[in-house]
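Visitor: Generate coordinates for the sequence data below:
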Amino acid sequence: MKKLKNGWVEGSVQDFLELSDADVEYIETRRSLGRMLKETRAKLHLTQVEVAARLHTSQSRVAKMEKSDPSVSADLMLQSLFRLGLKRKELAGAI
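Guide: This is a model prediction of the structure:
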């Protein structure tokens with residue numbers, strides 16, 4: 001972090017929240033999974049309700065997955081992507 005003349009401090013979110021590089025990578029990976037779920041749903045021309053029915057969950061849970069809500073595990077997001085037909089290679093290339 002860098003102190004400015006006016007008393008303000010300039011720095012990154014990572015510095016402010018005291019996140020390690022590993023923490024940042026994990027957060028960005030979760031965000032990628034959420035984006036990928038939303039993009040996959042759009043590519044399949046499905047609503048959140050239709051995806052929820054396929055995954056045996058609720059529409060609100062699908063919305064949380066797409067937003068990478070911390071209450072949703074990365075495991076659930078991965079399983080959901082695979083159930084929607086995504087392959088490991090596609091997943092690896094996207095994250």
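Visitor: in the protein, which ranges drop under the pLDDT threshold?
Guide: By pLDDT under 70, the weakly predicted segments of the chain are 1-5.
Visitor: At the geometric centre of it, which residue sits there?
Guide: Arg31 (2.5 Å; C-alpha atoms, centre = their mean).
Visitor: which residues touch that residue?
Guide: Applying C-beta atoms under 8 Å, 6 or more residues apart in numbering, we find Arg31 in contact with Ser68. The way it works is simple: take the backbone N, C-alpha and C, and place the C-beta from them, glycine included.
Visitor: As a check, name the ranges of all strands in this structure.
Guide: Under the criterion DSSP state E, the chain contains strands at 2-3, 9-10.
Visitor: Show me what the last one is packed against.
Guide: Judged by 3 or more C-beta pairs under 8 Å, 6 or more residues apart in numbering; DSSP states H and E, strand 9-10 is in contact with strand 2-3.
Visitor: Could you pull out the buried residues of stretch 60-72?
Guide: Buried residues in stretch 60-72, counting neighbours by 16 or more other C-beta atoms under 10 Å, are found at Arg61, Val62, Lys64, Met65, Glu66, Ser68, Val72.
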